[in-house]
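Chemist: I'll drop the sequence and a predicted model, then ask my questions.
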Amino acid sequence: MSTDTTPLPGIPHEQAGSFPGFPYLVTRIAPALYHINLLPRDEQYARGRLYDIARRQVRINRLRACLALDYDAGLFLEPDGGEKLMPRIPSGGTVEYGRLVLCEPLPETEELAARRNLLRAFAARHNKEGTTLFFGDLLKGGRCPTEEERSRLRGRQDNGVPLGLSRCPACGEWRGECFDTLHLNADLIVSVSCRCQNDNRCAGCGNTFAARRLNANYYCEADGMIWHLAGFPALAHTCPGLPKKSAGPDFRVIHVNRTGTGA
């Protein structure tokens, strides 16, 4: 991956539903729901430094993101460390801003303040009016099983827990891979996490966004079902000692199972 130090280009005209105020980091919260953090444009923040900020942010938040440098230059980053420079950036969907804290403070400049106003106007113009429901990943990140998995994992253990799951020796919850418990998705293998695997943290205070890993599944012994927790708590989080975030969308914690709503 190149980390050249050439200055970034100027702000072009808006195209194809993407915010034109480059550079910025786009974090994927849930399908069609994104958060934008503006980044400086001056000579002290050449591409190499912006790459470093983006990588550190993703390592802490553990959420998929894209460093948008121009309409045809996006560095896509995965929580597992994977990254790829692509000739495109995210576009469309609902855009939020001012909710995820960056991993380092940025100097306040008139130029940055002007782009913040552009971002505010962009979000107001592109976000849908009224109530919009976001359900997260209704397939829970599932995948089709191999023939070996279909034979080995079909069914439940004597205690009713899906085959493929085992107790975590630390927290006592269940983790592993198994068939989804929802009958409509019965031929999908899903990953199940325990509380110990919660690694989504705020880059400001270091605390976890929620009691469980975001955009992940957990097994509930009470009802014998696998539930999905979307990434919404990341936007509702407030660092200890700071004023509560200004009023905005109501990001409820939604656990997806049968209809996208529930516990």
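Modeler: All right, it came through fine.
Chemist: neighbours of residue 104, just the number please.
Modeler: 11 (other CB atoms under 10 Å). For the C-beta atoms, the positions are set from N, CA and C on the backbone; glycine is no exception.
Chemist: That one should be in a strand, yeah?
Modeler: No. Going by DSSP: H, G, I helix; E, B strand; the rest coil, the assignment for residue 104 is coil, not a strand.
Chemist: Would you check that it makes contact with residue 52?
Modeler: No. Using CB atoms under 8 Å as the test, residue 104 is too far from residue 52 to be in contact (9.3 Å).
Chemist: Next one: residue 142 relative to residue 69, how far apart?
Modeler: According to CB to CB, to the nearest Å, residue 142 stands 33 Å off from residue 69.
Chemist: wait, I meant residue 204
Modeler: 24 Å.
Chemist: So which of the two has more stuff around it?
Modeler: Applying other CB under 10 Å to residue 204 and residue 69 shows that residue 69 carries more neighbours, namely 21 against 17.
Chemist: so who does the residue nearest to residue 83 when sequence neighbours are not counted touch?
Modeler: Distances taken as CB to CB, 6 or more residues apart in numbering place residue 77 nearest to residue 83, at 4.7 Å, with adjacent residues excluded. The contact partners of residue 77, taken as CB atoms under 8 Å, 6 or more residues apart in numbering, are 54, 55, 58, 64, 65, 66, 67, 83.
Chemist: Identify all residues paired with residue 77 through a beta bridge.
Modeler: Beta-bridge pairing for residue 77 (DSSP bridges): residue 65, residue 83.
Chemist: got it, and residue 217?
Modeler: residue 228.
Chemist: ok, it touching residue 226?
Modeler: Yes. Using CB under 8 Å, residue 217 is in contact with residue 226, at 5.2 Å.
Chemist: and for these two, which residues touch both?
Modeler: What both residue 217 and residue 226 touch, as defined by CB under 8 Å, 6+ apart, is the set 140, 190, 192.
Chemist: can I get the contacts of residue 77 in TSV with distance to residue 196, pLDDT and neighbour count?
Modeler: TSV is the format used below for these (distance: CB to CB, whole Å; pLDDT from 0 to 100; neighbours: other CB atoms under 10 Å):
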residue	distance to residue 196	pLDDT	neighbour count
54	27	98	28
55	25	98	18
58	21	98	26
64	22	96	19
65	24	97	26
66	29	97	23
67	30	98	27
83	26	96	18
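Chemist: If we only consider these, which is nearest to residue 47?
Modeler: Using CB to CB, residue 67 comes nearest to residue 47 of those, at 8.8 Å.
Chemist: show me the contacts for residue 199.
Modeler: Contact partners of residue 199, counting by CB under 8 Å, 6+ apart, are 62, 208, 213.
Chemist: any idea of the pLDDT on it?
Modeler: In this model, residue 199 is scored at 96, pLDDT.
Chemist: Distance of it relative to residue 211?
Modeler: From residue 199 to residue 211 the distance is 13 Å (CB to CB).
Chemist: Repeat that for residue 41.
Modeler: Taking CB to CB as the measure, residue 41 falls 38 Å from residue 211.
Chemist: higher neighbour count, those two?
Modeler: In this view residue 41 and residue 211 are compared by other CB under 10 Å, and residue 41 has more residues nearby, 21 against 11.
Chemist: give the contact list for residue 181.
Modeler: Residues in contact with residue 181 (CB under 8 Å, 6+ apart) are 162, 224, 225, 226.
Chemist: Correction: the previous question concerned residue 83.
Modeler: Residue 83 neighbours (CB under 8 Å, 6+ apart): 1, 55, 75, 76, 77.
Chemist: Check these against residue 147 and report the nearest one.
Modeler: Out of the contacts of residue 83, the member with the shortest distance to residue 147 (by CB to CB) is residue 76, at 32.3 Å.
Chemist: How many residues are close by the closest one?
Modeler: By other CB under 10 Å, neighbour count at residue 76 equals 21.
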